[in-house]
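# Generate coordinates for the sequence data below:
(one chain, ligands or ions: 1)
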Amino acid sequence: MSESEHTLPEITKECASSGFGISRDAAVRIQEQGNSNLFLEELLSSLDSDCNMISVSDVADFVESAELTQDSDGEDEPQSKNNGDMRTVFDRGSGLKAQTINSSASTEGKVYTLGSEPVSGTEAREKWPEMFDTTLCDEITHTISRDDAERDFSITGDITGDSKTTGTVEDFNKLFRNRYKRVSEILENKMPGNIPIEQLTARRGGKDVPFTGIVNRQWTSQNNNAMLELEDTTGSIPIVFTDERMSDILNKVTTDEIVGVLGQLSDDGNIVFGNQIFFPDIPPMRSPNTTNRSVKAVLLSDLHFGGVDFAAKEWKSFVNWISTSDEAKEIEYILIAGDLVEGIGVYPGQEDELGVIDIYDQYVLCAEALKQIPSDIDIITIMGNHDTVRLAEPQPVLKDKFKEPFGDNVTFAGNPSMVNIEGVKFQLYHGMSINPFTDRVPGLDIHEPTGAMELMLEKRHLAPMYGQNVRLAPEPEDYLVIEEVPDVLHTGHVHTFGMNKYNGVMMVNTGCWQYQTDFQRKLNVEPDVGYAPVMNLETFEFDIKKFN
Ligand SMILES: [Fe+2]
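Residues are numbered from 1 along each chain as shown. Below you'll find the predicted structure:
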């Protein structure tokens, strides 16, 4: 089976990861398509969020209405060399995809038809007394106080209020051109002298030539050699790698990322024999920025207020600790990497696991819970896939009516955002690309999420793979490029705790505050619950608190 075709379990898994169930007959119908990978990606993008189970008729309707143009290039045949424009990348967007994304953007993502008009915390508590009683602390006495005189933070790289996409194919073209320009400039520092692909034909004669491009396709040849097709703004060319010692680095290559290649052009000029691959990467042995005073931040993620599996005992223990412990005196910031609430309609059968089935009231519950944290701590949160914003990345912040119940000490930012706290740069990203990274790259596992986070830094991109469970809004600027090297990369999403350092950048995935859901049980996800890593921004020391 070629790489572009899924097995039935893979189809089921991919549907589940996108929040849909699927009947076996429908999965078979998808598998019958010539390029089931692309077909499934397009189908999932086209479905309404209130579709719980994909049926055969859904697939048939999609085939009929979409008139999907399948890739007829053949799996093992390299494409002709020079397209003369970004046509291959350009075409991958297709009118169908553009239409879907546009629709998503215009409705700001998931529907929340169960959402009510804004109500007060008291009214919400009367509606859901059991969930409010179990989630919130009975009485909190704040025994320590903090000075905010030296506090200073700013947020950059946030799409909120700056979305320019109209969902057209031209927007996809601009997005990929922007990605290519910015990441290839980083690569230029590492491998100078790159030449445009269209000029490769003038470099025949056995000498290695350097060039960069977006990975347009990757496959295995009939001779079992790894193949890539790289494309820049001038053309595209296939590359064959015959040295088995390169298999480790080739395993890390993903579609749609920007890489550099050093290789020799064949005598007929139709193919390059690749000898080396370069990732843009971050500089080695980099020293992080630090604050000039002793101040601490707590890194959290995936709170999921409103679900019956919310880890109330652990949360209350955390709130009591941060309100009363001398250890917490220097904590002046809390960063949250998204998924404030459980949300509604995120995956099949989720309604059975909701304690609060009104999306607005879920945010009221979250706001009430965050108000029990001392108000002299600044809380900065980005959005996740369970939050009520568009699913396609980059994600803007919540609409005002959802933010209104929160205290003044809570600052909302889009996903991703760079949060600069007194000179220390935190790259916050919810982490939806961790799943496709771990699915695709051998040796990676969501239970050790820093492996995928290291690849983000190496590729200088938070989510390079277009499609594959990461939905992308075609903004003319690529907000997911890691242009500025952060001091800390802080993610969540997979609900597992992980911490590691890569070239001086601290990577932290902060676990969650939700016990294992039935949905996670089916996917063998073992969540790490109740972790609160505390970072000293002056010393870069971490104290990992685990609440029970
Ligand atoms: Fe989550």
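
# pLDDT averaged over stretch 145-153 - what is it?
On average, the pLDDT along stretch 145-153 is 92.

# for the residue of the stretch 151-300 of the chain found nearest the ion, what are its contacts?
Evaluated by CB to the ion, the stretch 151-300 of the chain has residue 300 as its residue closest to the ion, separated by 11.4 Å. Any C-beta I mention is one placed from the backbone N, CA and C, and that applies to glycine too. Residues counted as contacts of residue 300 (CB atoms under 8 Å, 6 or more residues apart in numbering) are 334-337, 510, 513, 532.

# So residue 29, which state does it fall into?
Under DSSP: H, G, I helix; E, B strand; the rest coil, the three-state class of residue 29 is helix.

# Residue 535 too?
Assignment for residue 535 (three-state DSSP): strand.

# right, and it touches residue 541 too?
Yes: assessed by CB atoms under 8 Å, residue 535 is found in contact with residue 541 at 7.5 Å.

# These two - which one has more neighbours?
Neighbour tally, residue 535 and residue 541, criterion other CB atoms under 10 Å: the higher count belongs to residue 535, 27 against 10.

# Shouldn't residue 219 be within a strand?
Yes: assignment of residue 219 by three-state DSSP places it within a strand.

# Pairing-wise in the sheet, spell out the partners of the residue nearest to it when sequence neighbours are not counted.
Leaving aside its sequence neighbours, residue 219 sits nearest to residue 227 (CB to CB, 6 or more residues apart in numbering; 5.1 Å). For residue 227, the beta-bridge partners are residue 219, residue 240 (DSSP bridges).

# if we can go back for a sec, which of the contacts of residue 300 sit farthest apart?
335 and 513 (14.4 Å; CB to CB).

# When the two are compared, which one has more neighbours?
Neighbour totals were compared for residue 335 and residue 513, and residue 513 leads with 28 against 25 (other CB under 10 Å).

# which residues does residue 140 contact?
So residue 140 contacts 319-320, 323, 372 (CB under 8 Å, 6+ apart).

# Can you give me every residue that contacts the residue nearest to residue 219?
76, 78, 217-221, 238-241 are the contacts of residue 227 under CB under 8 Å, 6+ apart.

# Mind doing that once more with 6 Å?
Residue 227 is in contact with 219, 221, 240, counting by CB atoms under 6 Å, 6 or more residues apart in numbering.

# Name the nearest of the residues you listed relative to residue 63.
residue 219 (25.0 Å).

# Around that closest one, how many other residues sit close by?
Residue 219 has 17 neighbours, counted by other CB under 10 Å.

# The residue most central in space within the chain and residue 442, how far apart?
Central residue of the chain (CA atoms, centre = their mean): residue 432, 3.1 Å from the mean position. Note on residue 432: its distance to residue 442, by CB to CB, to the nearest Å, is 21 Å.

# cool, residue 147 as well?
In terms of CB to CB, residue 147 sits 50 Å off from residue 442.

# ditto for residue 231
Counting by CB to CB, the gap from residue 231 to residue 442 is 25 Å.

# higher neighbour count, the two?
residue 231 (25 against 9).

# from memory that one sits against residue 212, does it?
No: taking CB atoms under 6 Å as the definition, residue 231 is not a contact partner of residue 212, at 10.1 Å.

# Which strands or helices does the longest helix belonging to the chain pack on?
Looking across the chain with DSSP state H, the single longest helix is helix 169-190. If contacts are counted by 3 or more CB pairs under 6 Å, 6 or more residues apart in numbering; DSSP states H and E, helix 169-190 sits against helix 87-106, strand 209-220, strand 258-265.

# residues of that helix that come out buried?
Neighbour-count burial for helix 169-190 flags 169, 171-180, 182-184, 186-187 (criterion: 16 or more other CB atoms under 10 Å).

# Count the residues that sit near residue 220.
Counted with other CB under 10 Å, residue 220 comes out at 13.

# per-residue pLDDT, it?
pLDDT, residue 220: 93.

# Could you check how far the most far-flung residue of the chain relative to its centre is from residue 234?
Centroid-distance maximum for the chain: residue 205 at 43.0 Å, with CA atoms, centre = their mean. For residue 205, the distance to residue 234 equals 20 Å [CB to CB].

# from the buried residues of helix 169-190, which has minimum pLDDT?
Lowest pLDDT among the buried residues of helix 169-190: residue 169, 84.

# can you pull the buried residues of stretch 124-132?
124-125, 128, 131-132.

# Please flag which of those residues sit within helices.
124-125, 131-132.

# So which of those is the closest to residue 247?
Looking across those and measuring by CB to CB, the closest to residue 247 is residue 131, at 51.0 Å.

# What residue, apart from its backbone neighbours, is nearest the closest one spatially?
Using CB to CB, 6+ apart, the closest residue to residue 131 is residue 355 (3.9 Å).

# and that neighbour, how many neighbours?
With other CB under 10 Å as criterion, residue 355 counts 19.

# ok but residue 360 is inside a helix, no?
Yes: using three-state DSSP, the secondary structure at residue 360 is a helix.

# how near is it to residue 399?
Residue 360 is 10 Å from residue 399, by CB to CB.

# Could you do residue 433 as well?
25 Å.

# With residue 532 instead?
Counting by CB to CB - residue 532 and residue 399 are separated by 29 Å.

# These two: which is more packed in?
Shown here are residue 532 and residue 399; by other CB under 10 Å, residue 532 has more neighbours (24 against 12).

# mind listing what that one touches?
Contacts of residue 532 (CB under 6 Å, 6+ apart): 298, 318, 545.
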